[in-house]
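Student: Could you look at this predicted model? Sequence included:
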Amino acid sequence: MGQLVVNGLALGSIYALVALGLLLIFNTVQIVNFAQGQLLMLGAFIGISCAVTHELPMAASWAITMVAMALVGVVFMTLVYFPLRGRPAFLVILTTIAMGIVLENLALIIWGPLPVSLPSPVSGPPLRFAGVVISMHQLFIFATLAVILVLQFLFLTRTRFGILMQATAQDLHTARLVGIPVNRTIAVAFALGTVLSGIAGLLVAPIFLAEPTMGGSLGLKGFVVSVIGGFGNLPGAVIGGLFLGLVETFGARYISSNFRDAYAFIVMITVLIAWPRGLFGEKSSEKV
Amino acid sequence: MLVLLRASITGVSAICLAFASVSPSAAEPASCPSPIPLGLTTALTGNTALLGTQARSGVEFAVDEINAGGGINGKKLALATEDTGASSTDSLNAMNRILEGKPLVIFGSMISPHVFAQTEVVTKSGTPFLVGATNAKVTSQGSKWLFRTHVHDGQLADLIPEYLVKSLKKTKPGIIAVADDYGLGASRGIQASLAKLNATPVAVTSYAPSDKDMSAQLLEIKDKGADSLIVFGRPADVTLVVKQMSDLGIKLTTIGNSSLVAQTALNNLTAAEADGAYAIGGMIPQTSTDPKILDWAKRVQDKYKVPADNFAVSYYDTVYLLKSIIEKVGCDKAAIRDALATTKDWKGMLISYQADSLGDLAHTLGVYRNKGKTPELTGPIKESGF
């Protein structure tokens, strides 16, 4: 039982990290980026290229990956969001799906279909407590999620740039009229959201291996937990992620492992029926 | 009168023989176009690309070698390849594109749902269809044009439980299989074979092809008191199963399909994680002691950046089998089909091929055991009746 809780929370933490990246972009431009999972995959492969192929130190590999992902985020925004800005939201969403497919195939061409493992940045024997095994990497995932959640919350509520991002999200045209550098604000949102995906990729690759198709399912789960938590709500996404991780793990153990993916959507539908705006939903959820 | 009759019969026989000797259809192979068109449909993108590229590697490598050696009877081979992606619909579209080129022979995928989707249209075209698809029922579709040159799940479903119970003396296995046509079909077959051996699995679990966390299933198998684990999946997910077993401290005798000894899996496992696992499946080149085969495996890896596995070997052999047939019967599709159906003891890289009544040509499997990260061939094992 205890082991299931630990493994469920570790899995849920990864879903939550994907959701945090998704929401950073959504909270600024009100667009759901369905390529978030493929950006996670890209982060994992960039990390592997640095740490495994070029044998760079792990800290340097993480730093390079984050910088690279920030640039990828800006390019992504330039190619996907800017040309379609002002058009119906579904057009941008469809384009993000298409970009996801492009990224997957690009990865296949560049890195090939082989699954590859990335070493964990932390090492050491696992903790054992009452028969429950907690690996150092799982602890690192929990810690990273907590730090990112706090930093993201502080950034959005306590920094000038974060407040500008929220103002842009409220009304883009008014924000521009009052002198907010809207384009720069959106670029930062895409860069940071993509960096978060990259971090999720770096965390996932040591335990789940990296392969070009790894992002599809994780990206979708990130979306599901965002909906469960209430779209736009950061703590809600984290709680939704942890909840879904536990549901999947316990469902696979005690109901049937055949329907593991189905649990995510059953939970999402159930939550939406009971709480149409998600568990911690705000008005912005109506725009999804 | 009798002498006259004998003379007449002799005379008629001589005339018949003379005609027969000049008849091109009976004595000379059908002529081949130049180049000889061949088709290949396989998954080069999507979540089965890792498998699909093995077919591409095997076929393309053999075609290039044959062309470099002057072709078949002086005629070069022209291979057209179409990507099936991951869906059966796309695989049918890919096959239709291949058929537009009117190939002499088509090499199909090892992904069974793709082959099921393609068989009817290939059969209607009257083109020999050589596949590696592993679902036992692939060759039971009633197509006289379809042949399989790789071992199938039905053979594994019999041999894995037999080896586990009779040789390893384990009678309470847990089963974990990928929840698709490949894994679930094998899981059902394994359960049936275990029942015949009076062994009952303590837990039967599965995971979706996109699943990354199998810890719940492994904990269930452990909690229910399994003495061994039967794993059936693709190299990437089997790697995760083995890794997560190790992370959870679960130590069970593990046996499964050849994914457990695939180089693509072993590259991502530590020696401690991989050590001791058994696998039964198509023969892999890495355990050979023949320097020529090891050199072949190295050249394939250098060219395609993916280690050759049992599928690459099978598809490579298939092209050379086809070459030997065309050299004998020429480029007549029906003659090639008939020659494939009567294949007997044709020696490939690692095994000999022999056609059975359904069109299955591979009946020899390898039993492997990992010593650290190095798979060792415990011995070949033959399907009952071969």
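Tutor: Nice, I can see it.

Student: Could you check which residue of the stretch 251-386 of chain B lies nearest chain A?
Tutor: As assessed by Cβ to the nearest Cβ, chain A sits closest to residue B:268 within the stretch 251-386 of chain B, at 4.4 Å. C-beta here means a position set from N, CA and C on the backbone, and glycine is covered the same way.

Student: check contacts around that residue.
Tutor: A:115, A:116, A:117, A:209, B:239, B:243 (Cβ atoms under 8 Å, 6 or more residues apart in numbering or on different chains).

Student: I'd assumed it was in a strand, is it?
Tutor: No: using DSSP: H, G, I helix; E, B strand; the rest coil, the secondary structure at residue B:268 is coil, not a strand.

Student: Leaving out chain neighbours, which residue sits closest to it?
Tutor: Leaving aside its sequence neighbours, residue B:268 sits nearest to residue A:117 (Cβ to Cβ, 6 or more residues apart in numbering or on different chains; 4.4 Å).

Student: May I have the phi/psi pair for the one you found?
Tutor: phi -100, psi 150 (degrees, to the nearest 10).

Student: That one: what's it in contact with?
Tutor: A:52, A:205, A:206, A:209, A:210, B:268.

Student: May I ask which of those has the most neighbours?
Tutor: For these, the largest number of neighbours (other Cβ atoms under 10 Å in any protein chain shown) sits with residue A:210, at 30 neighbours.

Student: ok, it - contacts?
Tutor: When contacts are counted by Cβ under 8 Å, 6+ apart, residue A:210 touches A:41, A:44, A:45, A:48, A:115, A:116, A:117, A:118, A:201, A:204.

Student: Now it: closest residue in space, sequence neighbours ignored.
Tutor: For residue A:210, ignoring the flanking residues on the chain, the nearest one in space by Cβ to Cβ, 6+ apart is residue A:44 at 3.9 Å.

Student: on that earlier part again, how near is the residue of the stretch 251-386 of chain B closest to chain A to residue B:239?
Tutor: Per Cβ to Cβ, to the nearest Å, residue B:268 is found 5 Å from residue B:239.

Student: Please enumerate the shared neighbours of those two.
Tutor: Residues touching both residue B:268 and residue B:239 (Cβ under 8 Å, 6+ apart): A:115, A:209.

Student: in the chain, which segments are predicted with low confidence?
Tutor: All of this is about chain A. Within chain A, the stretches with pLDDT under 70 are A:282-288.

Student: meant chain B, my bad for not saying
Tutor: For chain B, residues meeting the criterion pLDDT under 70 lie at B:1-29.

Student: List, one by one, the residues from it near chain A.
Tutor: Counting by Cβ under 8 Å from any Cβ of the partner chain, the residues of chain B close to chain A are B:44-47, B:49-50, B:52-53, B:179, B:205-208, B:210-213, B:215-217, B:219-220, B:235-236, B:239-240, B:243, B:247-249, B:264, B:267-268, B:305-306.

Student: In strands only, show me those.
Tutor: When strands are assigned by DSSP state E, the members of the residues of chain B next to chain A inside them are B:205, B:206, B:207.

Student: Show me the beta-bridge partners of the second one.
Tutor: With DSSP bridges applied, residue B:206 shows beta-bridge pairing to residue B:177.

Student: Name all residues that make contact with it.
Tutor: Contacts of residue B:206 by Cβ under 8 Å, 6+ apart are A:257, A:258, B:176, B:177, B:178, B:179, B:183, B:184, B:187, B:217.

Student: Just give the nearest non-adjacent residue to the fifth one, would you?
Tutor: For residue B:178, the nearest residue in space outside its immediate sequence neighbours is residue B:233; the separation is 4.0 Å by Cβ to Cβ, 6+ apart.

Student: hang on, the earlier thing: just flag the most distant two among the contacts of residue B:268.
Tutor: A:116 and B:243 (13.2 Å; Cβ to Cβ).

Student: if we can go back for a sec, okay, and the residue nearest to residue A:210 sits in which element?
Tutor: helix A:36-48 (DSSP states H and E).

Student: Going by contacts, tell me the helices and strands next to the helix or strand following that helix.
Tutor: Heading C-terminal from helix A:36-48, the first helix or strand you meet, by DSSP H and E, is helix A:58-76. Identification of packing neighbours for helix A:58-76 by 3 or more Cβ pairs under 8 Å, 6 or more residues apart in numbering or on different chains; DSSP states H and E yields helix A:36-48, helix A:182-208.

Student: Just the CA atoms of helix A:58-76, as PDB, please.
Tutor: This file holds the C-alpha atoms of helix A:58-76, laid out as PDB (Å, rounded to 0.1, in the frame of the first residue of the first chain):
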ATOM      1  CA  MET A  58      25.000  16.900 -15.300                       C
ATOM      2  CA  ALA A  59      24.600  20.500 -14.000                       C
ATOM      3  CA  ALA A  60      25.900  21.900 -17.300                       C
ATOM      4  CA  SER A  61      23.600  19.500 -19.200                       C
ATOM      5  CA  TRP A  62      20.600  20.800 -17.200                       C
ATOM      6  CA  ALA A  63      21.600  24.400 -17.700                       C
ATOM      7  CA  ILE A  64      22.100  24.000 -21.500                       C
ATOM      8  CA  THR A  65      18.800  22.200 -21.800                       C
ATOM      9  CA  MET A  66      16.900  24.900 -20.000                       C
ATOM     10  CA  VAL A  67      18.500  27.700 -22.200                       C
ATOM     11  CA  ALA A  68      17.800  25.600 -25.300                       C
ATOM     12  CA  MET A  69      14.200  25.000 -24.300                       C
ATOM     13  CA  ALA A  70      13.700  28.800 -23.600                       C
ATOM     14  CA  LEU A  71      14.800  29.400 -27.200                       C
ATOM     15  CA  VAL A  72      12.600  26.600 -28.500                       C
ATOM     16  CA  GLY A  73       9.700  28.200 -26.700                       C
ATOM     17  CA  VAL A  74      10.300  31.600 -28.400                       C
ATOM     18  CA  VAL A  75      10.600  29.900 -31.800                       C
ATOM     19  CA  PHE A  76       7.500  27.900 -31.100                       C
END
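
Student: got the contact list for that helix?
Tutor: A:35, A:39, A:42-43, A:46-47, A:50-51, A:56, A:99, A:119, A:121, A:187, A:190-195, A:197-199, A:201-202.
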